[in-house]
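Student: One predicted model, sequence on top.
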Amino acid sequence: DLQDALAAAEADAEIWVAEGTYTPTSDGDRTVSFQMENGVAIYGGFAGTETNRADRDWDVHETILSGDLNADDGPDFVNNDENSYHVFYHPLGTGLDTTAILDGFTISGGNADGEFPHIHGAGMYNSSSSPTLNNCTFERNATIAGGGFGGGIYNEDSSPVVTNCAFRANSGHFGGGVHNNASVPVMTNCTFEDNSAYYGGGIYNEYSSPALTNCSLSGNSAGRGGGIYNDHSFPTLTSCSFSGNLADAHGGGIYNVYNSSPMLTHCTFAGNSAVLSGGGIYNNGSSMVVANCILAGNSATHGGGMFNNGSSLVLTNCTFFGNSADEYYGGAIYTGDDPSPVM
């Protein structure tokens, strides 16, 4: 039992977990979750015969940590009423640092639909905790529809280091894949696919400064910010791609409001759409620096590539082509009465 192994683990221990599905409890108590520990590394993806960690294969030997206590979940979160509120729960006081390692797992079936704080972070809840997450997939985790944060991961005053991880088909009201609150996570080579939310289908940033490098956001959807929603936030995105993300209102790829100041370098926006404004990017009351980026084939009623209102926009060596909007409303960029962007 993984819980027994975690309880017995001492500093500098490694826990190797064989392929299969593991739940935090067998007694139906939804409040029970897995909990990482400083100095303990948890590795999945083993057949059970390896003597060297390098011989494992987490794709072939999938190791699932699941909140589905009855093992009866169906598509679109059917039968998840009995699921654990969180697959991993790290409340204030846990104090994880980067020596707490999770590597090679699928985290699924969390259903954060309880009372606060059990309405946030269905896959993983981090409050003042910053673990290391490698080679993990967060999929089919959901928070309460009326106001839950972070279907896949909720970070509050936390700065996890996340590498080679995927976020798929997670759902939340604010941040389907990840919600960052006063946090500075570092995410490298991560993918966000088919996540959904009312705000921020892939990621919702609130007073946060995440750094994303070589990340891909595709097929995510939200009312605002299909890919990413930025609220008083200062993200840095390098060599990231946005494709096929959808906003029912504004910001198919990215939605920036409330003095957010994202910096984008070598990023690509292709085939994103918004019903109203900013198929690729929506800026309102924000400052944005965009360098060496491509916006192609994005669409909206206003500002197919980019919508700019009451915002400062600096564009350097960027390419716009094949973007579309209603006539007179800026296929490439719509600025309204704002000054022209600095290019």
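Tutor: Right, received. Where do you want to start?

Student: alpha carbons only for contacts and neighbour counts from here, please
Tutor: Fine.

Student: Tell me who's in contact with the closest residue to D81 other than its chain neighbours.
Tutor: Nearest non-adjacent residue to D81, counting by Cα to Cα, 6 or more residues apart in numbering: N111, 7.5 Å away. By Cα atoms under 8 Å, 6 or more residues apart in numbering, N111 lies in contact with 67, 80-81, 83-86, 122-123, 141-144.

Student: List the ones among these that fall in strands.
Tutor: In strands, judged by DSSP state E, the following of those are found: A142, T143.

Student: export the contacts of N111 to CSV and tack on distance to T265?
Tutor: Listed next are these as CSV, based on distance: Cα to Cα, whole Å:
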residue, distance to T265
G67, 38
N80, 40
D81, 42
N83, 40
S84, 39
Y85, 37
H86, 35
A122, 32
G123, 30
N141, 31
A142, 32
T143, 32
I144, 35
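
Student: quick one: which of the contacts of N111 is nearest to E193?
Tutor: Ranked by distance to E193 (Cα to Cα), the contacts of N111 are led by N141 at 13.0 Å.

Student: burial measure for that closest one, as a count.
Tutor: Look at N141: counted by other Cα atoms under 10 Å, it has 36 neighbours.

Student: now swap in F116 and tell me
Tutor: For F116, the count of nearby residues is 9 (other Cα under 10 Å).

Student: In which helix or strand does it reside?
Tutor: Under the criterion DSSP states H and E, no helix or strand holds F116.

Student: For it, give its distance to N214.
Tutor: Distance of F116 to N214, computed by Cα to Cα, to the nearest Å: 34 Å.

Student: Pretty sure H179 sits in a strand.
Tutor: Yes: the assignment for H179 is a strand, going by DSSP: H, G, I helix; E, B strand; the rest coil.

Student: Next up, the contacts around it.
Tutor: Residues in contact with H179, defined by Cα under 8 Å, 6+ apart, are F149, G150, G151, I153, Y154, N155, I203, Y204, N205, E206.

Student: ok, now T265?
Tutor: Neighbour list for T265: L237, T238, S239, V290, A291, N292, C293 [criterion: Cα under 8 Å, 6+ apart].

Student: So which of the contacts of H179 wins on neighbours?
Tutor: G151 (43 neighbours).

Student: Pretty sure that residue sits against V178.
Tutor: Yes: with contact defined as Cα atoms under 8 Å, G151 counts as touching V178 (6.5 Å).

Student: what is Y154 paired to in the beta sheet?
Tutor: Y154 has these beta-bridge partners by DSSP bridges: Y125, H179.

Student: in the stretch 201-343 of the chain, what spans have low per-residue confidence?
Tutor: 337-340, 343 (pLDDT under 70).

Student: mind running it again at 80?
Tutor: The model of the stretch 201-343 of the chain has pLDDT under 80 over residues 336-343.

Student: can you give me the helices for it?
Tutor: Per DSSP state H, counting those that start in this stretch, the stretch 201-343 of the chain has no helices. Nothing in it meets that criterion.
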